[in-house]
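1. Structure for this input, please:
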Amino acid sequence: MSRPEDGLKRWLHGPEIEVENPGYHVRKIKKGHFGSVSKVREELEELEDALDQGVKIMMFVEMADLYGALRALAANHGLTMVDLERMSNVTERAFQNGHRGGTDADPE
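-> Below you'll find the model as predicted:
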């Protein structure tokens, strides 16, 4: 469990380096397979690492990589990013309206 002072330490001194001779990333991140959930996980962990490092441009790059990983995963299941966007819009609408059910039946 992280403590508030850990965040301040990370902000002042950068994240703790977990890998020897780090490149872009300072934490250990397992490589995934393109078009699979493991690649989405890898890109998400790289985004988290960029956030920890406080490097906004790297965050942007990792968000783009995450988008690409999601697009490939969707394609492998016969979906497109348009399909995902439509479902996201429906979910947003449901939360804005305060319910996810399909009926407004009166309770007896």
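
2. Toward the C-terminus from the longest helix along the chain, list the very next helix or strand.
-> Secondary structure of the chain per DSSP state H: the longest helix is helix 56-76. Proceeding N to C from helix 56-76, the next assigned helix or strand is helix 81-97, under DSSP states H and E.

3. circling back: state the mean pLDDT of the longest helix of the chain.
-> On average, the pLDDT along helix 56-76 is 97.

4. With stretch 32-44 instead?
-> Taken as a whole, stretch 32-44 carries a mean pLDDT of 97.

5. Touching that stretch from outside, list them.
-> Stretch 32-44 is contacted from outside by 29-31, 62, 65-66, 68-70, 72-73, 75-76, using CB atoms under 8 Å, 6 or more residues apart in numbering. C-beta coordinates here come from the backbone N, C-alpha and C atoms, glycine included.
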